[in-house]
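Participant: next comes the sequence, and after it the predicted model I'd like to discuss.
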Amino acid sequence: MNLLAQPSEGSIEVPVCPAVLCHGSRAGRKNGTQDPLFPHLHVPHRPSKLANDEHWLIALDYAEEVHRYDQSAEAVLQLDAKVSRSPGGRWCGDEPRLWHDSRGIEVDDILVSWAHLLAGRAEQREIEPEVARARDLAHAYKYLDYFGEVYDDLPHPEDWSPVPLIRRLAEEARALGGDPTLLPVHTEYMREGIATIGGGCEELVSP
């Protein structure tokens with residue numbers, strides 16, 4: 001095991017800001033995702049075939065991103081959940097080329113298995129629980145903002161309502177130490193979903 005830096009013992013603030021609402025756990029101080037707000041600094045044992053610790057940390061961040069996408073509207077990262085991973089990739093500037101499929105993630109054509117990636121992320125979350133909490137809360141805010149608006153423009157069955165989804169996400173945000181009433185309210189169903197966990201509609205922020 002190695003540490004690039006000692007994790008902070010204090011509580012990490014998760015702001016309700018455009019970067020968090022758009023990118024969730026990936027939010028950064030620059031251009032949305034650059035200079036991450038909630039970086040994991042602990043470096044689990046690195047596969048020897050990877051070039052360096054930086055590439056390993058990038059792969060672990062990307063593994064979380066892919067896993068969150070496929071686990072859908074769950075704010076808390078569930079690393080033991082079985083998800084179906086559609087192939088895809090990313091290449092940004094000076095970062096290594098990333099490609100994922102059902103086998104794992106290729107980092108500049110070097111394959112790292114999902115088992116190794118998820119075990120590494122689980123170790124980081126165990127050693128840096130406050131970072132993990134902040135990342136989960138940021139994603140709860142992101143999902144609340146997205147799902148709090150999208151169904152207003154999409155047809156849905158008359159016997160179905162998005163309110164329970166909003167309520168669940170708001171409850172997750174509160175359990176993670178956040179305040180869902182700070183988010184801008186896009187729709188009446190978003191207002192109802194947040195208000196029903198307590199606090200009252202008068203406390204909600206209008207856009």
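Facilitator: Nice, thanks for sending it over.
Participant: domain assignment for the protein?
Facilitator: Segmentation of the chain into domains, based on automatic domain parsing, reads 2-6+13-127, 142-203.
Participant: and the residue of the chain positioned farthest from its centre, how far is that from Glu65?
Facilitator: Computed with C-alpha atoms, centre = their mean, the residue of the chain farthest from its C-alpha average is Glu158, at 30.9 Å. Taking C-beta to C-beta, to the nearest Å as the measure, Glu158 falls 35 Å from Glu65. No exception for glycine: its C-beta is placed from N, CA and C like everyone else's.
Participant: hmm, back to that, for the residue farthest from the centre of the chain, which three-state class applies?
Facilitator: Using DSSP: H, G, I helix; E, B strand; the rest coil as the criterion, the local structure at Glu158 reads coil.
Participant: phi, psi of it?
Facilitator: Here is the backbone geometry of Glu158 (degrees, to the nearest 10): phi -60, psi -30.
Participant: roughly how far apart are it and His186?
Facilitator: Glu158 is 21 Å from His186, where distance means C-beta to C-beta.
Participant: returning to what we had before: mean pLDDT and distance to Ala134 for the domains of the chain - can I get that in a markdown table?
Facilitator: What follows is these, written out as a markdown table (pLDDT from 0 to 100; distance: least, C-beta to C-beta, whole Å):
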| stretch | mean pLDDT | distance to Ala134 |
| --- | --- | --- |
| domain 2-6+13-127 | 87 | 4 |
| domain 142-203 | 86 | 8 |
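Participant: dump the residue contacts of the residue farthest from the centre of the chain.
Facilitator: Contacts for Glu158 (C-beta atoms under 8 Å, 6 or more residues apart in numbering) come out as none.
Participant: and for the one 3 residues further on?
Facilitator: Shown here is Ser161, whose contacts under the criterion C-beta under 8 Å, 6+ apart are Tyr189.
Participant: now for Val76, how many residues are close by?
Facilitator: When neighbours are defined as other C-beta atoms under 10 Å, Val76 has 16 of them.
Participant: er, Asp145 actually
Facilitator: Applying other C-beta under 10 Å, we find 22 other residues in the vicinity of Asp145.
Participant: how many residues are close by the nearest residue to it once chain neighbours are set aside?
Facilitator: In this structure, Asp145 finds its nearest non-sequential neighbour in Leu21, 4.3 Å apart by C-beta to C-beta, 6 or more residues apart in numbering. Close neighbours of Leu21, defined as other C-beta under 10 Å, add up to 19.
Participant: same question, Lys49
Facilitator: When neighbours are counted by other C-beta under 10 Å, Lys49 registers 9.
Participant: which residues does it contact?
Facilitator: Taking C-beta under 8 Å, 6+ apart as the contact definition, Lys49 lies against Ile110, Val112.
Participant: tabulate the CA atom coordinates of the helix or strand encompassing Ile194 in PDB.
Facilitator: Here Ile194 is covered by helix 188-195, with elements defined by DSSP states H and E. Once non-C-alpha atoms are left out, helix 188-195 reads as follows in PDB (Å, rounded to 0.1, in the frame of the first residue of the first chain):
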ATOM      1  CA  GLU A 188     -43.900  20.300  -8.800                       C
ATOM      2  CA  TYR A 189     -43.100  16.600  -8.500                       C
ATOM      3  CA  MET A 190     -39.600  17.400  -7.400                       C
ATOM      4  CA  ARG A 191     -41.000  19.800  -4.800                       C
ATOM      5  CA  GLU A 192     -43.400  17.200  -3.500                       C
ATOM      6  CA  GLY A 193     -40.700  14.500  -3.400                       C
ATOM      7  CA  ILE A 194     -38.300  16.500  -1.300                       C
ATOM      8  CA  ALA A 195     -40.900  18.100   0.900                       C
END
